[in-house]
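Enquirer: model this:
(4 chains)
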There are 2 protein chains.
Amino acid sequence: MARPRMFDEERALDAAMRTFWEKGYEATSTQDLCAATGLGRSSIYNTFKSKRDLFERALAHYIDTTTATQLAVLEDTRHRAADRIRTLFEIIIDGETEHRAGGRSLGCLTVNTTVELAGRDSATAAMLERDLARRLAMMRAVIEEGRRDGSVTSRRDADALARFINAAIGGMRISSQGGADRAALESIAEVALDALTH
Amino acid sequence: MARPRMFDEERALDAAMRTFWEKGYEATSTQDLCAATGLGRSSIYNTFKSKRDLFERALAHYIDTTTATQLAVLEDTRHRAADRIRTLFEIIIDGETEHRAGGRSLGCLTVNTTVELAGRDSATAAMLERDLARRLAMMRAVIEEGRRDGSVTSRRDADALARFINAAIGGMRISSQGGADRAALESIAEVALDALTH
DNA sequence: CAAGTTTTGTACTGACCTATCCATAATGCT
DNA sequence: AGCATTATGGATAGGTCAGTACAAAACTTG
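Expert: Numbers count the residues shown, from 1 in each chain, chains lettered A, B, ... in the order given. Here you go, the predicted model:
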């Protein structure tokens, strides 16, 4: 009935996500987004309402893919809870090693957005809060499983341990963006895991 | 010999620092800086070469004041090493509780800048790296003292523990910006300290 | 093949951005 | 007082920003 799209919306979203991830929201111009996606301005504004809207969808895309793979690891009941958390750390370190630009890690779009936008954009903050709540809930559940399977012996309550693991992940991402290499990140992860068996 | 300045350069720097801290580098306009400092554009550009230069000096100002008070705590040999680290955590939590805007913590300008600029501005990255190296060195020294005074019993090497503590601090700041309240931050700190006595 | 509908490229808009220019004001020194 | 020097305010420049308008292109369906 009408002219079809010349591009794949998901691929465009992915390219936009990558750009926001690399440069941050403010430093990314709509021209950058055109260049990264290969689309013209019209196509972008025809498909997405605004730069903000595109960003929010890119962030949602990031959250969906990233949190999904992380939750899959945490739900893998073939391994003991503490080992699943160790695997999660490994995956995160792999990601930090993999996603780089200009010799530096890009960190995590969720963390970066928490820093850059959460304080000023309530819609974005709400997205991040939902994701955080989901990850904390899952982590609490894993901690409790660990308590049962014996791999978590700390007497701290599950909520505190979950928040701690989450903070440790954030800290590793900041360390990575600050220049820490793989070995440094691995040592941080090892020490963090010690706290679970205190 | 000439007309004197109507303003205190240090106060202006402090106001600029606060603005960059709240909004980030990119989202802060030179007009914002005029409003925050109370200066006219001429005075700003007469005193500082550019927005970037003003930012770098504001960041240096932040690093000087913040790192100085933190190092003072870590050097206070009246207390055992682990207690000094606990006090450092408390100071950081106080700071997160204190420095807020719009109901949200501002986090730490050093962390925020690592996220927003370190990947794209090598001069800024160099400043952050120097500060990080200094803090890690001090933390290593404290860990080693803790080993001697018995307050740190973990067998992990001092470098790993230092990096871990630093990452934990970063993670607490991200958590705070993500909405964690004081109780949550305190529980994260407690768990992190567990790792030192593993 | 033609009508109808959507996409796409180009040009454009008005606002805001960093930075500078210049005239005027305000001081210290002689 | 008068001169040299610096600070300040206001206007302005030139560029980039997000977003829009519009016409041509491209496709589906009848």
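Enquirer: Any residues of chain A in contact with DNA strand C? List them.
Expert: A:1-7, A:39-43, A:46-47 (CB under 7 Å from any atom of the strand). From N, CA and C alone the C-beta is placed, and that goes for glycine too.
Enquirer: who touches A:Lys23 in this structure?
Expert: Contacts for A:Lys23 (CB atoms under 8 Å, 6 or more residues apart in numbering or on different chains) come out as A:Asp32, B:Arg120.
Enquirer: give the contact list for A:Ala82.
Expert: In this structure, A:Ala82 makes contact with A:Gly146, A:Ser151, A:Val152, A:Leu193, A:Leu196, A:Thr197, judged by CB under 8 Å, 6+ apart.
Enquirer: swap in A:Thr66?
Expert: Taking CB under 8 Å, 6+ apart as the criterion, A:Thr66 is in contact with A:Cys108, A:Leu109, A:Thr110.
Enquirer: And the longest helix along chain A, how far out from the chain middle?
Expert: The residue-count maximum for a helix in chain A (DSSP state H) belongs to helix A:122-149. When C-alpha coordinates are averaged (CA atoms, centre = their mean, to the nearest Å), helix A:122-149 and its chain have centres 13 Å apart.
Enquirer: coming back round to it: give me the buried subset of the contacts of A:Thr66.
Expert: Of the members of the contacts of A:Thr66, the ones counted as buried by neighbours, 16 or more other CB atoms under 10 Å in any protein chain shown, are A:Cys108, A:Leu109, A:Thr110.
Enquirer: Turn those residues into JSON lines, including pLDDT.
Expert: Below are the buried ones among the contacts of A:Thr66 laid out as JSON lines (pLDDT from 0 to 100):
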{"residue": "A:Cys108", "pLDDT": "98"}
{"residue": "A:Leu109", "pLDDT": "98"}
{"residue": "A:Thr110", "pLDDT": "98"}
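Enquirer: Please work out how many residues are found near A:Ala141.
Expert: Look at A:Ala141: counted by other CB atoms under 10 Å in any protein chain shown, it has 15 neighbours.
Enquirer: how close does it sit to DNA strand C?
Expert: To DNA strand C, A:Ala141 is 42 Å away according to CB to the nearest atom of the strand, to the nearest Å.
Enquirer: and that residue, what pLDDT?
Expert: According to the predicted model, the pLDDT of A:Ala141 comes to 98.
Enquirer: Can you name the residues that contact it?
Expert: For A:Ala141, no residue counts as a contact, taking CB under 8 Å, 6+ apart as the criterion.
Enquirer: can you map out the helices along chain A?
Expert: If DSSP H is used as the criterion, the helices of chain A fall at A:9-23, A:30-37, A:41-47, A:51-74, A:81-98, A:109-116, A:122-149, A:158-177, A:182-194.
Enquirer: The last one vs helix A:158-177, what angle?
Expert: Going back to what we said before, that points to helix A:182-194. What separates the directions of helix A:182-194 and helix A:158-177 is an angle of 170 degrees, with axes from the mean of the first three to the mean of the last three CA atoms, to 10 degrees.
Enquirer: ok, residues contacting helix A:182-194?
Expert: Contacting residues not belonging to helix A:182-194 are listed as A:82, A:85-86, A:89-90, A:93, A:96-97, A:164-165, A:168, A:171-172, A:175-176, A:180, B:154, B:156-157, B:159-161, B:163-164, B:167-168, B:194-195, B:198 [CB under 8 Å, 6+ apart].
Enquirer: orientation of it relative to helix B:122-149 in degrees?
Expert: Orientation note: helix A:182-194 sits at an angle of 40 degrees relative to helix B:122-149 (the same axes, to 10 degrees).
Enquirer: what angle sits between helix A:182-194 and helix A:81-98?
Expert: Counting by the same axes, to 10 degrees, helix A:182-194 points 160 degrees away from the direction of helix A:81-98.
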